[in-house]
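Chemist: based on what follows, work out the 3D shape:
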Amino acid sequence: MKNLKITALMLSVAIGMSCVMTPVSVIADETEVPEQTTEVTSAPETKETEKAKETTKPTMKETEASKESENSKETQKDTEPSKESETEPTKESVPETSAETTPSESVHETTETEPSVQNKEDEEPSESSSVPEETDVQPSKTEEDPDVDNKEAMDKIIASGTLPNGVEYKLDDKGKLVISGTKSIYSNSGYPWLDVKDKIKTVVISEGITGIGQEAFKDCINLTSVTVPESVTGIYFRSFYGCKKLSSINLPDSLTLLDIEAFYFCESLKSITVPGSVKNISNSFCFCSGLTNVVIKNGVEKIDKTFYGCKALKSVTVPDSVTSMEKAFYGCSALESVKIPSGVTSITEESFLNCSSLTSVTFHDNLTSIGKSAFECCSNLKNVSFPRSLTEIQSKAFSHSGLTGITIPANVQTVGLWAFE
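Modeler: All right, here's what the predicted structure looks like:
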């Protein structure tokens with residue numbers, strides 16, 4: 001019995017010791033878990049970093065491969081026969097422990113990777129901050145916008161308004177005057193742009209304007225060019241009088257009236273073409289001292305006193321439709337030749353007076369009379385051939401000319417005093 005009691009006591013002591021040892025081994029195993037799970041739980045970390053940075057994928061794959069090899073080594077350690085059977089339950093509990101420890105470790109490791117994420121977020125605002133820079137650049141583009149250009153153009157207008165009849169005008173700081181409307185440029189109270197007439201350099205008359213009123217651009221001394229539309233039918237008294245720098249103007253085929261003194265003293269005007277729609281040109285281009293070439297189209301009937309004092313005029317074309325040339329070329333000292341049209345039956349007095357450069361005159365067979373002083377002082381006119389139709393040569397017709405010899409036709413009935421003196 002004593003032996004039985006001793007044996008029972010030893011068994012109880014052994015059981016107690018085993019119970020005490022078992023928790024110790026579990027604790028030891030648990031203390032080892034963090035080392036094992038630290039390596040195991042690195043896999044979630046790489047998944048998060050893969051989402052955060054796609055560029056690190058090759059490195060993560062290598063990390064996963066290395067960690068899989070480590071896991072395999074751990075698995076081999078778990079299966080080694082050197083470990084006691086008592087630790088097997090704890091080995092099975094390791095995954096549970098790792099599952100429990102994974103959140104804490106992943107949180108810890110996530111907090112370590114957060115700065116990199118924040119750095120990326122910090123970089124993203126820097127990229128987004130470039131957006132305001134683009135918006136800052138954008139307004140500079142709007143400066144090229146047509147609306148802005150129009151606004152700038154409006155800022156350049158130095159005079160604008162409307163005449164009583166509704167005709168509008170705008171003058172910019174470059175000297176361009178634009179006139180638009182559907183009536184004549186006319187005002188009883190005067191033209192507002194004449195208050196700044198020295199600033200006017202070009203005039204553009206828009207289609208729709210029907211006439212250019214009297215003295216509309218009188219004494220615009222800096223005006224150089226004028227554009228006249230086909231809608232204009234009349235240019236009235238002294239419209240461009242005294243425009244000394246005017247060198248270019250077109251007369252449309254629609255024009256029917258070219259009033260007296262319309263272009264008086266336009267000294268820079270070089271050439272002009274008069275349309276056939278104008279029947280009568282009277283005193284229109286007198287004293288245009290720079291005018292060198294004139295073309296008069298067929299249809300014009302009278303050119304009385306039209307080119308008086310045009311000292312530079314060398315060439316002129318007169319159509320057969322012209323019937324009257326009273327004092328037409330008085331004082332044209334540079335005119336070298338002229339052909340009298342068939343429609344002219346009488347050369348009136350002083351028509352070519354003081355044409356000192358005239359060397360050739362061609363008369364048509366219909367001519368019957370040569371007026372008083374018609375070719376007086378034509379010092380370079382050496383020879384003329386009178387037509388058989390001529391019946392009268394008035395006084396001083398060729399006085400002080402350069403004629404060296406003449407043949408008077410048989411039909412001439414009257415030769416005035418000093419006709420060839």
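
Chemist: for residue 186, see how far away the closest residue to residue 306 other than its chain neighbours is.
Modeler: Leaving aside its chain neighbours, residue 306 sits nearest to residue 281 (4.6 Å; criterion: Cβ to Cβ, 6 or more residues apart in numbering). In short, each C-beta sits where N, CA and C put it, glycine included. The gap separating residue 281 from residue 186 is 22 Å, by Cβ to Cβ, to the nearest Å.

Chemist: okay, these two: which has more neighbours?
Modeler: Taking other Cβ atoms under 10 Å, residue 281 and residue 186 do not tie; residue 281 has more neighbours (24 against 17).

Chemist: that one and residue 300 touch, don't they?
Modeler: Yes: in terms of Cβ atoms under 8 Å, residue 281 counts as a neighbour of residue 300; the distance is 6.3 Å.

Chemist: now the common contact residues for these two.
Modeler: Common contacts of residue 281 and residue 300 (Cβ atoms under 8 Å, 6 or more residues apart in numbering): residue 274.

Chemist: need the contact list for residue 209.
Modeler: With Cβ under 8 Å, 6+ apart, residue 209 has these contacts: 167, 179-185, 229, 231-232.

Chemist: would you turn the residues you listed into TSV with neighbour count?
Modeler: Formatted as TSV, the contacts of residue 209 follow (neighbours: other Cβ atoms under 10 Å):
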residue	neighbour count
167	24
179	21
180	15
181	18
182	13
183	14
184	19
185	24
229	15
231	15
232	22
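
Chemist: quick check: residue 361 is in a strand.
Modeler: Yes: assessed with DSSP: H, G, I helix; E, B strand; the rest coil, residue 361 lies in a strand.

Chemist: how close does it sit to residue 276?
Modeler: Distance, residue 361 to residue 276, by Cβ to Cβ: 24 Å.

Chemist: neighbour count: those two, which is higher?
Modeler: Neighbours were tallied for residue 361 and for residue 276 using other Cβ under 10 Å; the higher tally belongs to residue 361 (19 against 15).

Chemist: so that one touches residue 335, yeah?
Modeler: No: if you go by Cβ under 8 Å, residue 361 and residue 335 don't touch, sitting 10.2 Å apart.

Chemist: need the residues touching each of the two.
Modeler: residue 352.

Chemist: got the domain boundaries for the chain?
Modeler: 22-123, 154-269, 315-421 (automatic domain parsing).

Chemist: worst mean pLDDT among the ones you listed?
Modeler: Among those, domain 22-123 has the lowest mean pLDDT, at a mean of 43.

Chemist: hang on, residue 310 packs against residue 293?
Modeler: No: contact criterion Cβ under 8 Å: residue 310 and residue 293 do not qualify, at 10.5 Å.
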